[in-house]
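sequence and predicted structure below; questions after.
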Amino acid sequence: MSVDKVISDWKKNAYKPVYWIEGDEEFYVDQLVNYAEHQILSESEASFNLSIFMEKMRHGPMY
């Protein structure tokens with residue numbers, strides 16, 4: 001599923017119970033994570049309902 005399709009679904013409030021996001025392009029992974037963190041969940045919801053596990057240390061902020 002493409003990044004555009006996932007974000008399009010999210011904008012329509014069509015969510016799946018779990019998302020496994022991976023890929024070689026960190027830009028697309030970051031784009032999805034940032035959208036989920038800042039556009040879907042409030043800060044209090046994210047603190048309880050959002051878990052992000054990263055495979056390895058990357059340049060920039062760690063989520």
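In hand now; what should we look at?

just for the chain, where's the confidence low?
Scanning the chain with the threshold set as pLDDT under 70 gives 55-63.

and the helices in it?
3-11, 26-35, 43-49 (DSSP state H).

nearest to residue 18, out of these?
helix 43-49 (11.5 Å; Cβ to Cβ). Quick note: C-beta positions are derived from backbone N, CA and C, even for glycine.

what does that closest one rub up against?
Helix 43-49 is contacted from outside by 37, 41, using Cβ atoms under 8 Å, 6 or more residues apart in numbering.

could you export the helices of the chain as a markdown table, including mean neighbour count?
Listed next are the helices of the chain as a markdown table, based on neighbours: other Cβ atoms under 10 Å:
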| stretch | mean neighbour count |
| --- | --- |
| helix 3-11 | 14 |
| helix 26-35 | 14 |
| helix 43-49 | 10 |
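
and the ones you listed as CSV, adding distance to residue 20?
Below are the helices of the chain laid out as CSV (distance: least, Cβ to Cβ, whole Å):
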stretch, distance to residue 20
helix 3-11, 11
helix 26-35, 11
helix 43-49, 16
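
now stretch 18-25 - C-alpha only, CSV.
Coordinates of each C-alpha in stretch 18-25 appear next as CSV, following Å, rounded to 0.1, in the frame of the first residue of the first chain:
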residue,chain,number,x,y,z
VAL,A,18,-2.4,-2.2,13.2
TYR,A,19,0.1,-0.8,10.7
TRP,A,20,3.5,-2.3,9.9
ILE,A,21,5.4,0.4,8.2
GLU,A,22,8.8,-0.4,6.8
GLY,A,23,10.9,0.4,3.8
ASP,A,24,14.3,1.6,2.5
GLU,A,25,13.1,5.2,2.1
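
and for that stretch, what's in contact with it?
Counting by Cβ under 8 Å, 6+ apart, 6, 29, 32-33, 36, 55 sit against stretch 18-25.

closest one to residue 17 among the helices of the chain?
Across those, closest to residue 17 is helix 43-49 (Cβ to Cβ), at 11.1 Å.

output that closest one as CSV, restricted to C-alpha atoms.
Taking Å, rounded to 0.1, in the frame of the first residue of the first chain, the C-alpha atoms of helix 43-49 are listed here in CSV:
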residue,chain,number,x,y,z
GLU,A,43,-1.4,14.1,22.5
SER,A,44,-3.1,12.2,25.3
GLU,A,45,-4.4,9.6,22.9
ALA,A,46,-1.0,9.1,21.3
SER,A,47,0.6,8.7,24.8
PHE,A,48,-1.6,5.7,25.4
ASN,A,49,-2.5,4.3,22.0
